[in-house]
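[1] Provide a 3D model corresponding to the input given below.
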Amino acid sequence: MTGQGVRWTAEQVAALAPDEASRRAGDKLSAPGPWSEAGAGAGAVWGLCKGSGSKPYRTVVDLNGGGGPGYKCSCPSRKFPCKHALGLLLLWAGEPPGGGGTVAESPEPPEWAG
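    All right, here's what the predicted structure looks like:
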């Protein structure tokens with residue numbers, strides 16, 4: 001997989017899923033609806049995903065992890081990557097390069113995603 005410079009394909013993201021159920025759940029979260037404050041830059045993709053609780057899940061993917069991408073999400077899932085990380089990556093992968101979509105290009109992630 002590549003770093004931030006080249007957007008990943010949906011196939012590359014799907015290959016990260018730990019199982020078929022996670023892949024399907026990630027597909028459902030790949031639309032703009034549940035996401036806010038989504039961004040990409042500095043080798044990462046991040047966003048807040050509305051879930052069942054009162055606070056959105058904070059999801060961050062480090063695209064330049066040493067042995068592959070790194071994932072952090074405030075959800076209680078024990079799967080890595082979780083459906084939120086998969087959904088965020090699919091959303092990012094499906095947008096046109098150069099911005100203009102839900103995942104805004106940004107030179108720095110917000111403090112919570114750092």
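
[2] looking at the chain, which helix is longest?
    helix 83-93 (DSSP state H).

[3] so what does that one touch, helix or strand wise?
    helix 10-14, helix 20-28, strand 35-41, strand 44-49, strand 57-62, strand 70-73 (3 or more Cβ pairs under 8 Å, 6 or more residues apart in numbering; DSSP states H and E). All C-beta spots, glycine's among them, are computed from the backbone N, C-alpha and C.

[4] so what strands line up beside the helix or strand that it is followed by?
    Where DSSP states H and E defines the elements, the next helix or strand beyond helix 83-93 is strand 104-105. Sheet pairing of strand 104-105 (DSSP bridges) gives strand 35-41 (parallel).

[5] and the angle from the partner strand to strand 44-49?
    180 degrees (axes from the mean of the first three to the mean of the last three Cα atoms, to 10 degrees).

[6] buried sites along strand 35-41?
    For strand 35-41, burial by neighbour count (16 or more other Cβ atoms under 10 Å) applies to 35, 37-40.

[7] that older thread, which one of the helices and strands packed on helix 83-93 lies nearest to residue 96?
    strand 35-41 (12.4 Å; Cβ to Cβ).

[8] how far off centre is that closest one?
    Taking Cα atoms, centre = their mean, to the nearest Å, one finds strand 35-41 lying 8 Å from the centre of the chain it belongs to.

[9] please save the CA atoms from that strand in PDB.
    Output in PDB follows, covering the C-alpha atoms of strand 35-41 (Å, rounded to 0.1, in the frame of the first residue of the first chain):
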ATOM      1  CA  TRP A  35     -18.800  11.400   9.400                       C
ATOM      2  CA  SER A  36     -17.800  14.800  10.600                       C
ATOM      3  CA  GLU A  37     -14.500  16.600  10.900                       C
ATOM      4  CA  ALA A  38     -13.000  14.100   8.400                       C
ATOM      5  CA  GLY A  39      -9.600  15.000   7.000                       C
ATOM      6  CA  ALA A  40      -6.500  13.700   5.400                       C
ATOM      7  CA  GLY A  41      -2.900  14.900   5.500                       C
END
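
[10] that's all I had, so thanks and see you.
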